[in-house]
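*Asks:* Sharing a model prediction with you, sequence too.
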Amino acid sequence: MSRHSEHVAGELPGTNASGRLGLWLCAAAVGALWSGMAHAQTGSSIDAAQRQRVEQQLNEIKASRQDMARQMGDMDARIRALEVELHGAAAPPAASVAAPSPAPTSIAAAPAGDVQPASTQQAETDLTWGRYEPGKGFVLVRSDLGEASFALVSYARYLNQTDLEDSYTDHFGRTIPVQPRQDIQLSKVQITMKGWLFDPRFGYNAYFWTSNSNQGQSAQVVGAGNLSYQFNSALKVYAGVQSVPSTRSTNRTFPYWLRNDNRPIADEFFRGSYTQGIWADGKIAEGLEYRVMLANNLSALGVNAGQLDAKLNTVSGALAWMPTTGEFGPLAGFGDFEEHQEVATLFGIHYTSSTETPQSQPGTESIENTQLRLSDGTLLFRNDAFNTPGRITEARYQMLDLNAGVKYRGYSLEFEYYARWLDDFSVIGEVPVGSLFDSGFQLQASAMLIPKQLQLYVSGSKIFGEYGDPYDVAVGVNWFPFVRKEFRINAMGLYVNRSPVGYSAYPVPVGGDGFTFLTDFSLVF
């Protein structure tokens, strides 16, 4: 079924809501008038013809209301049929289990003394304001002219870094202090409004995103979004802010990760981030999907337009093939909460190229920070990065990502390989290298110990770099107390050896060496 059909199916419940409300309010008013007239009969006479006319109108309104109740029942049946056609017998792909019916909220009251038929009473009870739909959040408005939904991503985090070493020494023998943390933060609040306007193919997405652990920094709050138009299933085009599809984690899999909103250090080291540009995605064939992007730079959050390098040459593309089932769970995310009963497989390839300058790189504490670093954590564009009187003022970044995964009956195993080239340097002074090559991998595995409730996972990654070979290992659990994917409690222990990445919103700082513990209470809808 097409995305257009999905919108049509979703429009049915609300298409005539205002008409039904007006009709019932009219019925209430007429009922109240009739009751008052009957009460006044003993004191004054009423014209028989007038009474007959009012009675006839009242009966017509009652009949219309009963007919409307039957139509609502037919529409509900049609919605269920369309949902089964779209998603099959299982729950919709955006959620692991079917959403429960919202609590009834009556929006019409029957006229005093009017006994309604049972079917009409049920129809009135079932009417609600808004509707929760997994993958969209709460649909606030739905009509022939458009749709608007509200969604939220937020989590509170307890972080304990007190076991980390208080300093580290880089490849050139320089000692840098490390300040371990122990705190509680409402780490992220992302509020999204999205939908379509005038034509279901014309979409919008607007959101506000905070990184509260960066309070006081210039990019602690970001307002962003994009506009889109879908020509068909093979081509949807966008303009605005989006993540560069450089690795699997930046190819719109968030927030369906095993580790709540934190990546293994290899993924964090090699990836791009959020930027502004144009992009397209779609299905080439069943189980074969693509995404390509032309953008300003690798990471535009915390970078103003005047700091960009005036070279629109950031290009990124991703191709995902899911040969066995044609899908890999919601957003092709990590882990098998959905418990595939057939073996689901994924193979992906990503390539990204971009020319970067110091000005086009974000500040070290910018929201969703990503920067070009050496494998010991040294910033590439630092004045004395190589411990010589010189610095790099421009570099070309190229990165290849290969990934594969398998899911079956609550188990998952997912692998990713990275290769990064830095070259075409423009330099001031003396720099001892003309190019750099680093590679690495990550491996993540998970098992649903209790279906839909308790998940155990392990993850690890390693970087093979010219200035060090850091690695990390993590063990964690995800508990879903409501037996739904939208809310979870994540507890994780993380060991890092000389982390080359880090900032306030990440569980470890640059140079972090030792054990870190964190617990997240995460809400996503």
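*Replies:* Perfect, thanks for sending it. Numbering: from 1, shown residues only.
*Asks:* For the rest of this, base every contact and every neighbour count on C-alpha atoms.
*Replies:* Noted.
*Asks:* who touches V178 in this structure?
*Replies:* Going by C-alpha atoms under 8 Å, 6 or more residues apart in numbering, V178 touches 165-168, 509-512.
*Asks:* Ends of stretch 375-392, what's the gap?
*Replies:* Taking C-alpha to C-alpha, to the nearest Å as the measure, stretch 375-392 stretches 16 Å from start to finish.
*Asks:* make that stretch 499-510, sorry
*Replies:* Distance across stretch 499-510, first residue to last, is 6 Å (C-alpha to C-alpha).
*Asks:* ok, now stretch 322-330?
*Replies:* Its first and final residues considered, stretch 322-330 spans 13 Å by C-alpha to C-alpha.
*Asks:* quick one on the thing from earlier: are any of the contacts of V178 buried, and if so which?
*Replies:* Buried members of the contacts of V178, counted by 16 or more other C-alpha atoms under 10 Å: 165, 167-168, 509-512.
*Asks:* So which of the residues you listed is the closest to Q50?
*Replies:* P509 (83.1 Å; C-alpha to C-alpha).
*Asks:* Would you mind confirming that the closest one is in contact with Y503?
*Replies:* Yes. Between P509 and Y503 there is a contact under C-alpha atoms under 8 Å: 5.5 Å.
*Asks:* count of neighbours near the nearest residue to Y204 once chain neighbours are set aside?
*Replies:* Spatial nearest neighbour of Y204, chain neighbours left out: L227 (4.6 Å); criterion: C-alpha to C-alpha, 6 or more residues apart in numbering. Counted with other C-alpha atoms under 10 Å, residues neighbouring L227 total 17.
*Asks:* Provide a list of residues in contact with L227.
*Replies:* Neighbours of L227 in contact, by C-alpha under 8 Å, 6+ apart: 202-205, 238-240.
*Asks:* what about 7 Å?
*Replies:* The contact partners of L227, by C-alpha atoms under 7 Å, 6 or more residues apart in numbering, come to 203-205, 238-240.
*Asks:* Could you give the separation of whichever strand or helix holds it from the chain centroid?
*Replies:* In this structure, L227 sits in strand 221-232 according to DSSP states H and E. Distance of strand 221-232 from the chain centroid (C-alpha atoms, centre = their mean, to the nearest Å) equals 13 Å.
*Asks:* ditto for stretch 145-162
*Replies:* 9 Å.
*Asks:* same question for that stretch, mean pLDDT?
*Replies:* When pLDDT is averaged along stretch 145-162, the result is 95.
*Asks:* What of stretch 426-444?
*Replies:* 96.
*Asks:* for whatever helix or strand comes next after the strand holding L227, packing partners?
*Replies:* Counting by DSSP H and E, the next helix or strand C-terminal to strand 221-232 is strand 235-243. Contact partners of strand 235-243 among helices and strands, from 3 or more C-alpha pairs under 7 Å, 6 or more residues apart in numbering; DSSP states H and E: strand 221-232, strand 274-285.
*Asks:* I'd like these laid out as CSV, including distance to F328.
*Replies:* Converted to CSV, these look like this (distance: least, C-alpha to C-alpha, whole Å):
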stretch, distance to F328
strand 221-232, 22
strand 274-285, 14
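*Asks:* Make TSV out of those strands and add mean pLDDT and distance to S499.
*Replies:* Shown next, in TSV, are those (pLDDT from 0 to 100; distance: least, C-alpha to C-alpha, whole Å):
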stretch	mean pLDDT	distance to S499
strand 221-232	93	26
strand 274-285	95	22
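*Asks:* P177 - how many residues pack around it?
*Replies:* Neighbour count for P177, taken as other C-alpha under 10 Å: 13.
*Asks:* contacting residues for it?
*Replies:* Each residue near P177 by C-alpha under 7 Å, 6+ apart is listed here: 166-168.
*Asks:* what's the closest of the helices and strands packed on strand 235-243 to Q398?
*Replies:* Closest approach to Q398 among the helices and strands packed on strand 235-243 (C-alpha to C-alpha): strand 274-285, 16.6 Å.
*Asks:* May I see the buried residues of the closest one?
*Replies:* Using 16+ other C-alpha under 10 Å as the test for burial, strand 274-285 gives 274-283.
*Asks:* Show me which of those residues is closest to L523.
*Replies:* Proximity of these to L523 was ranked by C-alpha to C-alpha; the top entry is Y274 with 21.8 Å.
*Asks:* residue contacts, that closest one?
*Replies:* Y274 is in contact with 241-244, 299-301, counting by C-alpha under 7 Å, 6+ apart.
*Asks:* For the helix or strand hosting F517, report the contacting residues that lie outside it.
*Replies:* Assigned by DSSP H and E, F517 falls within strand 514-524. Applying C-alpha under 7 Å, 6+ apart, the contact partners of strand 514-524 are 152-161, 163-165, 486-497.
*Asks:* CA atoms of stretch 420-428 as PDB?
*Replies:* C-alpha atoms of stretch 420-428 as PDB (Å, rounded to 0.1, in the frame of the first residue of the first chain):
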ATOM      1  CA  ARG A 420      38.500   7.200   6.600                       C
ATOM      2  CA  TRP A 421      40.900   9.100   4.400                       C
ATOM      3  CA  LEU A 422      42.100  12.700   5.200                       C
ATOM      4  CA  ASP A 423      44.100  14.400   2.400                       C
ATOM      5  CA  ASP A 424      44.400  17.400   0.100                       C
ATOM      6  CA  PHE A 425      45.700  19.400   3.000                       C
ATOM      7  CA  SER A 426      46.200  23.200   2.800                       C
ATOM      8  CA  VAL A 427      48.700  24.100   5.500                       C
ATOM      9  CA  ILE A 428      50.400  27.100   7.100                       C
END
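*Asks:* Contacts for it, please.
*Replies:* Residues from elsewhere that reach stretch 420-428 (C-alpha under 7 Å, 6+ apart): 270, 390-400, 434-439.
*Asks:* ok so, going back, sheet partners, orientation included, of the strand holding L227?
*Replies:* Strand pairing for strand 221-232, using DSSP bridges, gives strand 199-211 (antiparallel), strand 235-243 (antiparallel).
*Asks:* need the ones you listed in a markdown table with mean pLDDT, can you?
*Replies:* Listed next are the strands paired with strand 221-232 as a markdown table, based on pLDDT from 0 to 100:
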| stretch | mean pLDDT |
| --- | --- |
| strand 199-211 | 93 |
| strand 235-243 | 96 |
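*Asks:* Adding distance to F525 and mean neighbour count, write the ones you listed out as a markdown table.
*Replies:* Compiled in a markdown table, the strands paired with strand 221-232 are given as follows (distance: least, C-alpha to C-alpha, whole Å; neighbours: other C-alpha atoms under 10 Å):
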| stretch | distance to F525 | mean neighbour count |
| --- | --- | --- |
| strand 199-211 | 14 | 18 |
| strand 235-243 | 19 | 20 |
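*Asks:* Figure out which of those strands is closest to I184.
*Replies:* With C-alpha to C-alpha, the closest approach to I184 among those belongs to strand 199-211: 13.1 Å.
*Asks:* For that closest one, what is the distance to the chain centroid?
*Replies:* In terms of C-alpha atoms, centre = their mean, the centre of strand 199-211 is set 11 Å apart from its chain centre.
*Asks:* residues in contact with it?
*Replies:* Here strand 199-211 makes contact (C-alpha under 7 Å, 6+ apart) with 4, 7, 187-197, 220-230, 367, 505.
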